[in-house]
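Enquirer: I would like to see how this sequence folds:
(one chain, ligands or ions: 2)
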Amino acid sequence: MQPWAPVDVPRLEGSGPPLRLHDTSTGRVRPTAPGPEATMYVCGITPYDATHLGHAATYLAFDLVNRYWRDLGHDVHYVQNVTDIDDPLLERAARDQDDWVVLGMRETALFREDMEALRVVPPRHYIGAVEAMGEIAEFVGKLLAGGSAYRIDDPEFPDVYFDSTASGHFGYESNYDEQTMIALSRERGGDPDRPGKRHPADALLWRMAREGEPSWESDLGAGRPGWHVECAAIALNRLGDQIDLNGGGSDLIFPHHEFGAAHAEAHTGVHPFARHYVHTGMIGLDGEKMSKSRGNLVFVSKLRADDVDPNAVRLALLSGHYRTDRAWTDDLLEAAQQRLARWREAVTLDAGPDATETVANLRAHLADDLDTPRALAAVDAWAGAALERRGTDAAAPATIRTAVDALLGVKL
Ligand SMILES: Nc1ncnc2c1ncn2[C@@H]1O[C@H](COS(=O)(=O)NC(=O)[C@@H](N)CS)[C@@H](O)[C@H]1O
Ligand SMILES: [Zn+2]
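Expert: Ligands and ions are numbered 1, 2, ... in the order given. Below you'll find the predicted structure:
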């Protein structure tokens, strides 16, 4: 699939400290240590109800990682999928008497527009599950051949499941206990109660064709893939056996990223699959997580249609820490619009306080597990001083403009 349009990321003099990020599997903030090319797999949308502000907050967090690694001089091999075939998409299409293919294409197109408007740097590979069907089926075949997967004893639908003990490290990513795993598996598309599974949490790899459902021919028989295996196959085939970062919202901690890691490791024998598992907090509205099932969604495209500057949306979402569950409110947007106006006014001045320290603070805060509240406050401090005419450095306004663009993705 075509990624969205590239964004120009200006080069900034100098560089900051190594990027440290919270890793779910160890529960600690640790330095990332990518090679010349950082490798990052961030789960993409299931294309309906796109792009709500929860999606946007999550992709903005990983955009800051992308920008900061580039600021350190790394290339970034960023891969993202589109879950353009899965039960929730088929259910939504059925509910709305929509064709599931058309629904997926329409929503993915809207998502691309919203990402462009928010100035999110696009992934190098943007891969739909449908277009990757061959490689996904091939990967399932390898797991079966390797003994990590099994066919359930159901003559009508001999579906293929993953044996969750196969990788030898199952559970290290989420650190959840079995009871929690089973509960979350049930809540998030799993089928722990299905008879014949070796373990209740075992994840579906290949669902044999059902009447009235789309299916694809394969050596496994006609069917379609489970959810987790699509991300494992797409990531392994483009980024290799071990990556720097696997990311998504906290609702992906289990089962999705646990199984993504287990599928990869069962096949490659390389542990851990990702050196960092990074998860964002949930954006809510009126006290409830913004989610499709609750329908309490605020859309980026709706704000854009109301002439809200996407840079203000970006600042509003970055004003809270990426790992904090936080609410979207009109006040949050209002405050961001005022902040944006003040920053823009300050950088149009013909001089300002020396920018060196501000840029260093901006980098230091971002490097500290993406501490955007402090990072934005550092720019506030410079803008405040500049607006009180307490600076004579003619180059400072341009330097701040470049730093805010390169590191925060905000166009002043
Ligand atoms: N309310 C929310 N706040 C923050 N992030 C959210 C919220 N809702 C969904 N997300 C994140 O947005 C991303 C896309 O979510 S999604 O559309 O449901 N799609 C999926 O989770 C799968 N296609 C991943 S392979 C995921 O990382 C998810 O964790
Ligand atoms: Zn995924």
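Enquirer: helices and strands of the protein: which one bottoms out on pLDDT?
Expert: Least confident helix or strand, the chain: strand 288-289 with a mean of 82, by mean pLDDT, DSSP states H and E.
Enquirer: note down every partner strand of that strand and its orientation.
Expert: strand 283-285 (antiparallel) (DSSP bridges).
Enquirer: re the thing from before, which residues touch the least confident helix or strand of the chain?
Expert: 54, 282-283, 294, 296, 325 (CB atoms under 8 Å, 6 or more residues apart in numbering). Bear in mind the C-beta positions are built from the backbone N, C-alpha and C, glycine included.
Enquirer: got the residues you listed as JSON lines, with pLDDT, distance to K302 and neighbour count columns?
Expert: Below are these laid out as JSON lines (pLDDT from 0 to 100; distance: CB to CB, whole Å; neighbours: other CB atoms under 10 Å):
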{"residue": "G54", "pLDDT": "96", "distance to K302": "14", "neighbour count": "25"}
{"residue": "M282", "pLDDT": "96", "distance to K302": "20", "neighbour count": "19"}
{"residue": "I283", "pLDDT": "96", "distance to K302": "15", "neighbour count": "24"}
{"residue": "R294", "pLDDT": "76", "distance to K302": "17", "neighbour count": "12"}
{"residue": "N296", "pLDDT": "83", "distance to K302": "13", "neighbour count": "16"}
{"residue": "D325", "pLDDT": "97", "distance to K302": "22", "neighbour count": "12"}
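Enquirer: list the contacts of the residue of the stretch 301-412 of the chain found nearest ligand 2.
Expert: Nearest residue of the stretch 301-412 of the chain to ligand 2: Y322, at 18.0 Å (CB to the ion). Y322 makes contact with 57, 60-61, 64, 280-281, 370, 372, according to CB under 8 Å, 6+ apart.
Enquirer: L205 too?
Expert: 140, 143-144, 149, 159-162, 225-226, 229, 263.
Enquirer: just say helix, strand or coil for it.
Expert: Of the three states, L205 takes strand under DSSP: H, G, I helix; E, B strand; the rest coil.
Enquirer: swap in P255?
Expert: Quick answer, by three-state DSSP: P255 is helix.
Enquirer: how close does the closest residue in space to it that isn't next to it in sequence sit to A203?
Expert: Nearest residue to P255 in three dimensions, chain neighbours excluded: S185, at 5.1 Å (CB to CB, 6 or more residues apart in numbering). From S185 over to A203 the distance is 8 Å, taken as CB to CB, to the nearest Å.
Enquirer: so what sits against both of these two?
Expert: P255.
Enquirer: now do the contacts for the residue in the stretch 201-350 of the chain that ligand 1 sits nearest to.
Expert: Here the residue of the stretch 201-350 of the chain nearest ligand 1 is G249; by CB to the nearest ligand atom that distance is 2.2 Å. G249 makes contacts with 54, 58, 279-282, as judged by CB under 8 Å, 6+ apart.
Enquirer: quick one: name the residues of the stretch 101-250 of the chain near ligand 1.
Expert: Selection of the stretch 101-250 of the chain residues close to ligand 1 by CB under 6 Å from any ligand atom yields 231, 248-249.
Enquirer: in helices, which of these fall?
Expert: C231 (DSSP state H).
Enquirer: pipe the residues of the stretch 101-250 of the chain next to ligand 1 into CSV and attach distance to P397 and pLDDT per row.
Expert: Shown next, in CSV, are these (distance: CB to CB, whole Å; pLDDT from 0 to 100):
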residue, distance to P397, pLDDT
C231, 43, 98
G248, 37, 98
G249, 36, 98
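Enquirer: filter the residues of the stretch 101-250 of the chain next to ligand 1 by proximity to ligand 2?
Expert: With CB under 5 Å from the ion as the criterion, those include C231 near ligand 2.
Enquirer: wait, which of the residues of the stretch 101-250 of the chain next to ligand 1 is closest to R342?
Expert: G249 (30.8 Å; CB to CB).
Enquirer: how close does that closest one sit to G44?
Expert: 12 Å.
Enquirer: then P123?
Expert: Taking CB to CB, one finds P123 at 8 Å from G44.
Enquirer: equivalent analysis for I283, please.
Expert: 17 Å.
Enquirer: and for D154?
Expert: In this view, D154 and G44 are 31 Å apart by CB to CB.
Enquirer: now do Y150
Expert: 29 Å.
Enquirer: flag the shaky bits of this structure, pLDDT-wise.
Expert: Within the chain, no range satisfies pLDDT under 70.
Enquirer: which stretches of the stretch 251-400 of the chain form helices?
Expert: Applying DSSP state H, counting those that start in this stretch to the stretch 251-400 of the chain gives helices spanning 258-268, 300-305, 310-318, 330-347, 356-367, 372-387, 396-408.
Enquirer: what's the answer for the stretch 1-150 of the chain, then?
Expert: Counting by DSSP H, counting those that start in this stretch, the helices of the stretch 1-150 of the chain are 53-71, 87-95, 100-117, 133-145.
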